[in-house]
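Enquirer: return atomic coordinates for the entry below.
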Amino acid sequence: MDLQNVPQEGNKTLGGYRKAVYARDAGGHIVVAASNGWEVEEIVTSQAVEEMRSLAETARQNAINGLSSTLEYWMYARRMDLLLLAQSTGIWRWRIRRHFRPEIFARLSPGMLKRYAEALGLAVQQLQRLP
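Expert: Okay, the predicted model is just below:
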């Protein structure tokens, strides 16, 4: 994209901040330019955030009903998916899915709980309960 075409429409999801994007200047060089974002980006981001909220609420209800562990809720509440949580913790996805089972999650070692808590930005005690 050319420097003069960098979107400046505004994006409420950026919270008033600007972000850096790459653009080509008049001399043909790639430079970093500040952008206020654009409407399409705002719509897509809002939809993704709403989807995460929906998944978190479903996981919360499943945890309340004993169908899932609190780990699944916190994963979605922190806007992560299975792949991102696996990458953040170094734990295989199949093991994380297994840890979604309440009876398995209840038996996790303190070290494993700490790995999850650190990746999710929580205290271990917070990870083990719903808000």
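Enquirer: C-alpha from now on. contacts and neighbour counts both.
Expert: Fine.
Enquirer: show me the residue at the heart of the chain, geometrically.
Expert: For the chain, residue 79 is the residue whose C-alpha lies nearest the centre (Cα atoms, centre = their mean; 2.6 Å).
Enquirer: name the nearest residue to it, ignoring sequence neighbours.
Expert: Of all residues not flanking residue 79 in the chain, residue 52 sits nearest, at 6.0 Å (Cα to Cα, 6 or more residues apart in numbering).
Enquirer: what pLDDT does the most far-flung residue of the chain relative to its centre get?
Expert: Checked against the mean C-alpha position of the chain, the extreme residue using Cα atoms, centre = their mean is residue 27, at a distance of 38.1 Å. With respect to pLDDT, residue 27 scores 90.
Enquirer: that one and residue 102, how far apart?
Expert: Residue 27 sits at a distance of 60 Å from residue 102 (criterion: Cα to Cα, to the nearest Å).
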